[in-house]
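Asker: Pasting a predicted model and its sequence here:
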Amino acid sequence: MGYPKEVISLLNDPKFFGRINDPAASSYLKGPCGDFMEFYLVIENNKITDIRYYTDGCGATRACAAMVAHLAYGKNVKDALSISAGEVIKRLKGLPEDHLHCTILSVSTLYRAIADYLLKA
């Protein structure tokens, strides 16, 4: 499919891929293309100390989720809410135009997980 190097690198990085048992918060969203995404957060003292994503989606979806996890890891909850689809697009240089919706799915799934945490607090 010809993804740029940045996307390929994230596709092959297992650091944030997988699920967490008993997370502080989690979310699930299904995108308009049919891909689903899950985010799992461990939050201590209002800081995201662990984060994982899981998806059955395409390479672009996985790369966007990995980038969102990378950006959110170590941030406090308020700062994580400032991660935008535009920031993900800038960081994933060359993300194919027909996969820009993957950035929205990734950021929206993160936001939903944070909302899950905030509503439990």
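Answerer: Sure thing, it's come through.

Asker: Averaged pLDDT, stretch 33-41. What do you get?
Answerer: Per-residue pLDDT over stretch 33-41 has a mean of 96.

Asker: Next, the residues that contact that stretch from outside, please.
Answerer: For stretch 33-41, the surrounding residues in contact (C-beta atoms under 8 Å, 6 or more residues apart in numbering) are 19-20, 23-31, 48, 50-58, 61, 65, 68-69, 101-102, 105-106, 109-110, 112-114, 117. For every residue, glycine as well, the C-beta is placed using N, CA and C.

Asker: Now name the helix or strand holding the closest residue in space to residue 96 that isn't next to it in sequence.
Answerer: Distance criterion C-beta to C-beta, 6 or more residues apart in numbering; nearest residue to residue 96, sequence neighbours excluded, is residue 60 at 6.5 Å. Element membership for residue 60, per DSSP states H and E: helix 59-72.

Asker: residue ranges for the strands of this protein, please.
Answerer: Remark: strands assigned in the chain by DSSP state E are 25-30, 36-44, 47-55.

Asker: is it possible to export those strands to CSV including mean neighbour count?
Answerer: Shown next, in CSV, are the strands of the chain (neighbours: other C-beta atoms under 10 Å):
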stretch, mean neighbour count
strand 25-30, 18
strand 36-44, 21
strand 47-55, 20
